[in-house]
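Asker: Sequence and predicted structure below; questions after.
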Amino acid sequence: MEVIEEKLWSILKLTHNGELNPVSMEYLKQGLGGFFAKYVYDRDLNFVQFTKWLGSDIEYERVDILVLAENLSKIYHLHRDFESAVLLRKIKLKKMLSDGKSEKASLEYYILANWFFEKGNFKEALQNITLGIKSIDTKNLTKENLKVLIESMIMKEQLNMLLPHDTKLISDNLEKLLRLVIERSMHISTKDSNSLKVRVYALIVSNNIEKKEYTKAILVGNKAIELIDKEDLNLKTMLKYYLFEKLSYAYLFEKNHEKAIEISRKALGLKEQLITLPVYSVLVILVESYLAQKEYDEALRYAHEANSYVNNSVDKLEYIYEILSKLYSYKGDNKIAKEYQDKLKHLAEGVKHIV
């Protein structure tokens, strides 16, 4: 039996025997413990048999399959059994559609798209988010579906930007999306509306940078930051970091090094909230900004810090060795500068040997 199934079975056994820990108690409240004891544990079904049963119409009237598939998919996703979680979520979606509950299908597609996004499967994520948007009746929008629609459209453009794309088409889509958020803002809470605006702004900033339109990127980026500071928006830390990183990059290329440093430090400050932030790019922006201002000690400080985030990337390591050699040379410490030049040479030779 798979490790994940064993974890699930241990919860069921605790529930079955009456030894309820907080987790099993929660599942029991949702009706899962009693169901499994009767239909799975006692019948000795394996996972494949169970999902086949769940996807069929057998004994459908005796159990709420929608609730069951929903909760089970959460359990498997929590335990990082991605394939089982997706399978159960699709069973729920299929049952919803067959029961004529298509008005809520968009949320299921959105969840699936997010899960595939987390796994780096952008094509599958895009396929699900596209199906989710199509499933929404735009002529009879509820407030709930309006929010899901806009969030889905934002994710769709985010995914499009991660795949081969036309920047002009992306620009047009983002402008339409921003207009939609503004026009429908009266139907959404102010905080939700502003949060959605910030997410669209972040994509516009990224697209403008890709087109090398740095002034436009800065203008839009500052609008986003103004909203974040003014409204105290409950945004994901990663989104804030992404926005600050792109904006500081735009300032760097506009040669406004003071602002690039200011925004980069703002991005680094988010590290306290999320220790897994990929801060390498922001550290490089700080290095380049301080180097441009001939503040070599500060540039060295951030170059050494960036060195701890290269994660075995040859390209990143090449940059670090080269910039450290340059900085130590500028400071007149030619011995250390040569050490990094030698490291750079050995790195190049090693890569050449591997190839």
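Answerer: Right, received. Where do you want to start?
Asker: Every contact and neighbour count from this point should use C-alpha atoms.
Answerer: OK.
Asker: Please, where are all the helices along the stretch 101-250 of the chain?
Answerer: 105-118, 122-134, 143-162, 167-183, 190-210, 214-231, 237-253 (DSSP state H, counting those that start in this stretch).
Asker: Contacts for the fourth one, please.
Answerer: Around helix 167-183, the neighbours that count as contacts under Cα atoms under 8 Å, 6 or more residues apart in numbering are 150, 153-154, 157, 160-161, 193, 196-197, 200, 203-204, 207, 210-211.
Asker: Next, the buried residues of it.
Answerer: 170-171, 173-174, 177-178, 181 (16 or more other Cα atoms under 10 Å).
Asker: now do the first one
Answerer: Taking 16+ other Cα under 10 Å as the basis for neighbour counts, the residues of helix 105-118 that come out buried are 105-117.
Asker: Same check on the last one?
Answerer: If you call a residue buried by 16+ other Cα under 10 Å, then helix 237-253 has these buried ones: 238, 240-253.
Asker: roughly how far out does the helix or strand following it sit from the chain middle?
Answerer: Counting by DSSP states H and E, the element after helix 237-253 in chain order, helix or strand, is helix 257-268. Mean-position distance between helix 257-268 and its chain equals 23 Å (Cα atoms, centre = their mean, to the nearest Å).
Asker: what's the answer for stretch 255-273, then?
Answerer: Worked out by Cα atoms, centre = their mean, stretch 255-273 lies 21 Å from the chain centre.
Asker: Using PDB, write out every CA atom in that stretch.
Answerer: Provided in PDB are the C-alpha atoms of stretch 255-273 (Å, rounded to 0.1, in the frame of the first residue of the first chain):
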ATOM      1  CA  LYS A 255      19.400  54.400 -14.200                       C
ATOM      2  CA  ASN A 256      17.500  55.600 -11.200                       C
ATOM      3  CA  HIS A 257      19.700  53.600  -8.800                       C
ATOM      4  CA  GLU A 258      18.400  55.200  -5.600                       C
ATOM      5  CA  LYS A 259      14.800  54.100  -6.400                       C
ATOM      6  CA  ALA A 260      16.100  50.700  -7.500                       C
ATOM      7  CA  ILE A 261      17.800  50.300  -4.100                       C
ATOM      8  CA  GLU A 262      14.800  51.500  -2.200                       C
ATOM      9  CA  ILE A 263      12.400  49.100  -3.900                       C
ATOM     10  CA  SER A 264      14.800  46.200  -3.800                       C
ATOM     11  CA  ARG A 265      15.200  46.600   0.000                       C
ATOM     12  CA  LYS A 266      11.400  46.700   0.300                       C
ATOM     13  CA  ALA A 267      11.400  43.300  -1.600                       C
ATOM     14  CA  LEU A 268      14.100  41.900   0.700                       C
ATOM     15  CA  GLY A 269      12.100  43.000   3.800                       C
ATOM     16  CA  LEU A 270       9.400  40.400   2.800                       C
ATOM     17  CA  LYS A 271      11.900  37.600   3.600                       C
ATOM     18  CA  GLU A 272      10.800  37.800   7.200                       C
ATOM     19  CA  GLN A 273       7.300  36.800   6.100                       C
END
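Asker: in that stretch, what counts as buried?
Answerer: 257-261, 263-268, 270-271.
Asker: Would you mind pulling the contact partners of it?
Answerer: So stretch 255-273 is in contact with 237, 240-241, 244-245, 247-252, 277, 279, 282-283, 285-286, 289-290, 292-293, going by Cα under 8 Å, 6+ apart.
Asker: follow-up on the earlier one: turn the buried residues of stretch 255-273 into JSON lines, including pLDDT and distance to Ala337.
Answerer: Output for the buried residues of stretch 255-273, formatted as JSON lines (pLDDT from 0 to 100; distance: Cα to Cα, whole Å):
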{"residue": "His257", "pLDDT": "98", "distance to Ala337": "25"}
{"residue": "Glu258", "pLDDT": "97", "distance to Ala337": "27"}
{"residue": "Lys259", "pLDDT": "97", "distance to Ala337": "29"}
{"residue": "Ala260", "pLDDT": "98", "distance to Ala337": "27"}
{"residue": "Ile261", "pLDDT": "98", "distance to Ala337": "25"}
{"residue": "Ile263", "pLDDT": "96", "distance to Ala337": "30"}
{"residue": "Ser264", "pLDDT": "97", "distance to Ala337": "26"}
{"residue": "Arg265", "pLDDT": "96", "distance to Ala337": "27"}
{"residue": "Lys266", "pLDDT": "94", "distance to Ala337": "31"}
{"residue": "Ala267", "pLDDT": "95", "distance to Ala337": "30"}
{"residue": "Leu268", "pLDDT": "95", "distance to Ala337": "27"}
{"residue": "Leu270", "pLDDT": "93", "distance to Ala337": "32"}
{"residue": "Lys271", "pLDDT": "91", "distance to Ala337": "30"}
